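S.K.: Take a look and give me a structure for this.
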Amino acid sequence: MDNVSVVSHEVCSGCGACASACPKNCISMVYDQEGFAFPSVDLQTCVECGLCLKKCPQKKADRAGNDPLASFVLQDKDEECLQRSTSGGAFVCIARHVLKLGGVVFGASYDDSLHVTHIAITELLDLPKLQGSKYVSSDLKDAYRRVKDFLKEGRYVLFSGTPCQVAGLKSFLGEDSDLLLTMDLVCHGTPSQKLFQKYIRWLGEKKNAPIKQFVFRSKKFFGWSLGGECSDGKKTYPVRALCDPYYAAFLRGETFRKSCYSCKFANMNRYGDFTVGDFWGFHEMTETMALDPKKGLSMLLVNSPKGLSLLKAIEKEANVVSMDLNTVSSGNWNLYHPSVFKAIRDVIYANIDLPFDELQKKYLCHEEPFMYYVRRLRRKLLPQKLRDALNKLRR
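M.R.: Below is the predicted model:
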């Protein structure tokens with residue numbers, strides 16, 4: 001069969017390049033029982049032209065990305081934008097520049113129901129919609145086709161997404177454009193929209209009001225660290241990462257799409273013109289760098305000559321410090337490896353239709369918050385030999 005139906009669900013990243021490229025529009029992205037989107041082919045309409053397979057980034061064996069040309073630490077000079085950013089605001093600095101050129105910026109945004117979809121913005125006022133991490137699969141809808149249309153109009157386009165989404169876009173377009181800039185993220189993996197929506201409803205039940213806003217990384221409550229916030233429109237609550245069932249399971253790598261655990265893009269061969277993530281190498285910083293770690297710092301890899309040219313254009317808007325690749329990438333394990341598969345992952349998704357309260361008690365919460373802090377304090381204060389002895393006594 002000469003169509004994308006032959007691509008295993010274990011491998012498919014759900015980027016949708018196949019559906020966007022199909023000349024007969026006979027491929028649709030359909031959500032499975034776990035809540036992940038996969039291509040579904042209408043065999044009555046399909047003419048088996050094979051174009052969907054040619055556009056599938058998972059089927060390509062070639063090394064189509066680039067090794068980083070330069071590496072930097074970046075911090076936005078705009079304090080308001082920096083506060084809304086997950087780390088140092090690398091994305092918003094580059095996006096601002098593209099918008100000022102009359103361009104279009106694509107990125108992940110919440111809709112009114114807190115579903116995460118890729119949208120296009122053309123105004124600076126809409127930039128906050130795309131800021132901040134969303135630890136959930138994003139629905140690309142027709143984003144690839146819209147990117148192509150804007151490029152045909154002669155407009156600059158910045159597309160930001162996970163590495164597989166950027167690879168999907170590049171494969172769909174087939175050729176690069178001087179007007180196109182792409183930014184891929186240091187990605188751990190993505191849980192399903194279905195799991196996230198069940199969690200949001202459960203959270204609303206706990207707060208006695210529907211959740212209308214959710215932020216995964218809140219500098220308001222936690223500074224530049226893990227932990228977020230949610231709001232019912234009247235009151236805002238902190239979300240403690242390591243004690244929250246959805247967040248903690250994400251951090252443990254237990255709720256990702258199957259393909260995330262064998263991701264072919266989790267390496268230094270980058271498809272984006274830029275790669276962004278958190279910068280953790282504080283020990284290499286000096287007082288002369290004009291960077292405040294407490295406000296968040298971005299790791300920025302520049303992977304193409306286009307990227308280097310744009311970086312020069314935004315130097316007045318951000319503090320940008322050149323640093324060697326090993327230091328800049330330190331702590332970002334997923335730059336080199338996909339996340340490790342955990343057997344509990346399949347158990348969680350096999351039971352995803354349970355009420356979330358039952359699901360989280362059985363499979364998502366491994367320990368009570370109090371016990372987590374006890375363990376954390378013990379690790380901090382007790383020598384390893386004494387901790388090992390206590391563990392033996394418990395067994």
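
S.K.: ranges for the strands of the stretch 151-300 of the chain?
M.R.: Counting by DSSP state E, counting those that start in this stretch, one finds strands in the stretch 151-300 of the chain at the ranges 157-161, 180-185, 213-215, 228-231, 236-239, 274-278, 298-302.

S.K.: In its sheet, which strands sit next to the fifth one, and in what direction?
M.R.: Under the criterion DSSP bridges, strand 236-239 sits next to strand 228-231 (antiparallel) in its sheet.

S.K.: got the contact list for the partner strand?
M.R.: When contacts are defined by Cβ atoms under 8 Å, 6 or more residues apart in numbering, strand 228-231 is touched by residues 203, 207, 211-218, 220-222, 236-239, 241, 247. No exception for glycine: its C-beta is placed from N, CA and C like everyone else's.

S.K.: Which of those residues are buried? Put it as a PyMOL command.
M.R.: The PyMOL selection below is limited to those of the contacts of strand 228-231 classed as buried (16 or more other Cβ atoms under 10 Å):
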select buried, resi 203+211+212+214+215+216+217+218+221+222+239+241+247
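
S.K.: give me the low-pLDDT residue ranges for the stretch 51-200 of the chain?
M.R.: Along the stretch 51-200 of the chain, the model assigns pLDDT under 70 to residues 61-63.

S.K.: Go through stretch 296-305 and flag the buried ones.
M.R.: G296, L297, S298, M299, L300, L301, V302, N303, S304.

S.K.: what distance separates stretch 324-338 from the centre of its chain?
M.R.: Its chain's C-alpha centre and that of stretch 324-338 lie 16 Å apart, by Cα atoms, centre = their mean, to the nearest Å.

S.K.: just the CA coordinates of it, formatted as PDB?
M.R.: What follows is stretch 324-338 as a C-alpha-only set of coordinates in PDB (Å, rounded to 0.1, in the frame of the first residue of the first chain):
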ATOM      1  CA  ASP A 324      30.600  27.400  24.100                       C
ATOM      2  CA  LEU A 325      28.200  24.700  23.100                       C
ATOM      3  CA  ASN A 326      28.900  22.300  25.900                       C
ATOM      4  CA  THR A 327      28.200  24.900  28.600                       C
ATOM      5  CA  VAL A 328      25.100  26.300  26.800                       C
ATOM      6  CA  SER A 329      23.500  22.900  26.400                       C
ATOM      7  CA  SER A 330      24.400  21.600  29.900                       C
ATOM      8  CA  GLY A 331      21.400  20.300  31.700                       C
ATOM      9  CA  ASN A 332      19.400  19.900  28.500                       C
ATOM     10  CA  TRP A 333      19.500  16.100  28.200                       C
ATOM     11  CA  ASN A 334      16.900  15.900  25.500                       C
ATOM     12  CA  LEU A 335      19.300  17.800  23.100                       C
ATOM     13  CA  TYR A 336      21.100  14.500  22.900                       C
ATOM     14  CA  HIS A 337      18.600  11.700  23.800                       C
ATOM     15  CA  PRO A 338      14.900  11.000  23.600                       C
END
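
S.K.: Check which residues of that stretch are buried.
M.R.: T327, V328, S329, S330, N332, N334, L335, P338.

S.K.: residue contacts, the third one?
M.R.: Which is S329. S329 sits next to S71, M299, L301, L335, Y336 when contact means Cβ under 8 Å, 6+ apart.

S.K.: Could you rerun that using 10 Å?
M.R.: By Cβ atoms under 10 Å, 6 or more residues apart in numbering, the contact list for S329 reads 68, 71, 186, 268, 275, 277, 279-281, 299, 301, 323, 335-336.

S.K.: roughly how far apart are it and Q83?
M.R.: Distance of S329 to Q83, computed by Cβ to Cβ, to the nearest Å: 25 Å.

S.K.: What of the fourth one?
M.R.: From S330 over to Q83 the distance is 25 Å, taken as Cβ to Cβ.

S.K.: And the last one, by the same measure?
M.R.: Summarising the geometry, the distance separating P338 from Q83, computed by Cβ to Cβ, is 32 Å.

S.K.: taking the buried residues of stretch 324-338 one by one, which sit in strands?
M.R.: Assigned to strands by DSSP state E, none of the buried residues of stretch 324-338 qualify.
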